[in-house]
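> Okay, here's the prediction I keep looking at, along with the sequence it came from:
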Amino acid sequence: MANDPTAQFVTNKIIPLENVGGLDLSFTNSSLAMVGTVALASSFLYFATAKRGLIPSRGQSIAESAYEFVASMLRDAAGTEGMRFFPFVFSLFMFILVANLLGMFPYFFTVTAQIIVTFALSMLVMGTVVVYGVAKHGVKFLGLFVPDGIPGILIPLVAAIEVISFLSRPISLSIRLFANMLAGHITLKVFAGFIVSMSSLGAFGIGGAILPLVMVVALTGLEFLVSFLQAYVFAVLTCMYLNDALHPSH
Amino acid sequence: MFITEAMAAGTEAVGEHAESGIFPPFDTSTFASQLFWLAITFGFFLWFMSKVIVPRIGNILETRQDRIAQDLDKAREFRDDADASIAAYEQELAEAKAKANEIGQIAREKANTEANAERAKVEAELGTKLSAAEARIADIREKAMSEVGGIAEEAASEIFTQLIGGTVTKADLAKAVAASGK
């Protein structure tokens, strides 16, 4: 049973709050991981920048790099007007990055491998896009679905495709992150399981366990890359979608 | 110990879910709690980032930018000062050169006029000497010429006497000599 590769995604209640207004709002290991993510990211950013050094310390340098990384990403995708969303995109990037990296520790819960979490985050992005787009551009926001330079007959067809692609954005955004983290962790667990089960077969098995061990080491490195990459991809796509809210006409 | 505990927890939970047969991330019974805690944690994080961290890092970067710009300005100022000193130095140098040229010019002119005066003096001296010499030569020549006349008269009277015998008056002879000399 311990070898069940999906066991790591199971939520366990730490503080049961099973009936709050008819909802089960128990504090689970998932909640703990979220709190840990936020606490780690906040305290790192807080203490690293506490000295406000003109010449940055190592920690401050990391915080500044993260800031400038996200800032240039957002500026490139959505222009200077996009900078109003900077705290939002920065928070998303840092939250997902730290959650992904924390998930790499054995026995730690990976928040971003929960579809509901990634879906909530992407719905937050799309909600922001729609609310801001409509508030700023009103009906013109619908111009997002009608690209320029399309012959009149094709408009309904193209608009339909654009609407479908817009609606599929939160799904693709959430599933990309969720599936990457989930698959990575399952793969790691499966290969790690091979090591255990093979080495229990005696001397020959221990020899045979070397291959999955090498695989696990290599995959761990890959997973760290994926952790960063998925946070980056999520943030970049957020920037691009926000650009649509700022400049709806193609 | 930690491992066994975690494994036990995992086993227990899996046992629970294995019964329901739901893939854990799709277990809708956990959604409300996850959404609730995500809202709290991410909400706090978003607030903390936008109120504290982002302004702070933005401030740090801006301060640094300002400082760099300030330093660059100062450097530019220094460079301007250096340029001004160089320009002043060059101007002084040019002035000194002009002055030197002027002095040289004046000296050259003075030397020239002196030399000219000297030359004129020498030339004048030479002129007077020349004219004196010329006068002397003319004098001598005249004297010689007149002597030539006398000699011719004498020779003619001698020749006359020798050839014809008799005498001619000195006045007639002089007239004849003067006529032949023409």
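Received, thanks.
> any idea how far residue B:69 is from residue B:63?
Per Cβ to Cβ, to the nearest Å, residue B:69 is found 11 Å from residue B:63. To be clear about C-beta, it is placed using only N, CA and C from the backbone, and glycine gets the same treatment.
> Which one's more surrounded, those two?
For residue B:69 versus residue B:63, neighbours defined as other Cβ atoms under 10 Å in any protein chain shown are more numerous around residue B:63 (13 against 10).
> For that one, pull up the helix or strand it's in.
helix B:54-163 (DSSP states H and E).
> Check the offset of that helix from the chain's centre.
Averaging C-alpha positions (Cα atoms, centre = their mean, to the nearest Å) puts helix B:54-163 24 Å from its chain's average.
> So that helix, near chain A or not?
Yes: counting by Cβ under 8 Å from any Cβ of the partner chain, chain A is contacted by helix B:54-163 at B:54, B:56-61, B:63-64, B:67.
> That helix: what's the following helix or strand?
helix B:170-181.
> Identify, from the residues of helix B:54-163 next to chain A, the entry nearest to residue A:225.
residue B:57 (25.4 Å; Cβ to Cβ).
> got the buried residues for stretch A:59-66?
A:59-60, A:63-64, A:66 (16 or more other Cβ atoms under 10 Å in any protein chain shown).
> Check stretch A:152-168 too.
For stretch A:152-168, by 16+ other Cβ under 10 Å, it's A:159, A:162, A:166.
> Return the residues in contact with the last one.
So the one you mean is residue A:166. A:144-145 (Cβ atoms under 8 Å, 6 or more residues apart in numbering or on different chains).
> Could you dump the buried residues of stretch A:59-66 into a markdown table and include distance to chain B?
Shown next, in a markdown table, are those (distance: Cβ to the nearest Cβ, whole Å):
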| residue | distance to chain B |
| --- | --- |
| A:59 | 12 |
| A:60 | 7 |
| A:63 | 6 |
| A:64 | 6 |
| A:66 | 9 |
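> How far does the helix of greatest length in chain A sit from its chain's centre?
Scanning chain A for the longest helix, with DSSP state H as the assignment, gives helix A:155-199. Remark: helix A:155-199 is offset 11 Å from the chain centroid, using Cα atoms, centre = their mean.
> Packing partners of the helix or strand just after that helix?
Sequence-wise, the next helix or strand downstream of helix A:155-199 (DSSP H and E) is helix A:203-208. For helix A:203-208, the packing partners by 3 or more Cβ pairs under 8 Å, 6 or more residues apart in numbering or on different chains; DSSP states H and E come out as helix A:155-199.
> In space, what's closest to residue A:119 - neighbours in sequence excluded?
Nearest non-adjacent residue to residue A:119, counting by Cβ to Cβ, 6 or more residues apart in numbering or on different chains: residue A:174, 4.0 Å away.
> Wait, a helix at residue A:14?
No: Residue A:14 is assigned strand when assessed by DSSP: H, G, I helix; E, B strand; the rest coil, not a helix.
> surely it meets residue A:30?
No: judged on Cβ atoms under 8 Å, residue A:14 makes no contact with residue A:30 at a distance of 9.6 Å.
> ok, the two, which is more surrounded?
Legend: neighbour count by other Cβ under 10 Å for residue A:14 and residue A:30, higher for residue A:30 (27 against 12).
> and the more buried one, what are its phi and psi?
Note on residue A:30: backbone dihedrals following degrees, to the nearest 10 are phi -60, psi -50.
> Next, the contact list for it, please.
Contact partners of residue A:30, counting by Cβ under 8 Å, 6+ apart, are A:11, A:109, A:111, A:114, A:117, B:30, B:33-34, B:37.
> Just to be sure, which of these are found in strands?
Among the contacts of residue A:30, no member falls in strands (criterion: DSSP state E).
> closest to residue B:96 among the residues you listed?
residue A:111 (80.8 Å).
> pull the helix or strand with minimum mean pLDDT from chain A.
helix A:203-208 (a mean of 81; mean pLDDT, DSSP states H and E).
> Just the buried positions in the helix or strand that it is followed by, please.
Heading C-terminal from helix A:203-208, the first helix or strand you meet, by DSSP H and E, is helix A:210-246. Neighbour-count burial for helix A:210-246, with 16+ other Cβ under 10 Å as criterion, is recorded at A:212-213, A:215-216, A:219, A:223, A:226-227, A:230-246.
> Helix A:210-246 vs chain B: in contact?
No: no part of helix A:210-246 sits near chain B under the criterion Cβ under 8 Å from any Cβ; the closest distance found is 13.0 Å.
> by contact count, what packs against that helix?
Right, helix A:210-246 is packed against helix A:58-78, helix A:86-103, helix A:115-137, helix A:155-199 by 3+ Cβ pairs under 8 Å, 6+ apart.
> what pLDDT, on average, does the shortest one get?
Read that as helix A:86-103. Averaged over helix A:86-103, pLDDT sits at 95.
> buried ones in stretch A:15-32?
A:24-32.
> Oh, that last question was meant for stretch A:196-204, not what I typed.
Applying 16+ other Cβ under 10 Å to stretch A:196-204 flags A:198-199 as buried.
> can you list the residues that contact it?
Contacts for stretch A:196-204 (Cβ under 8 Å, 6+ apart): A:3, A:205-206, A:208-209, A:212.
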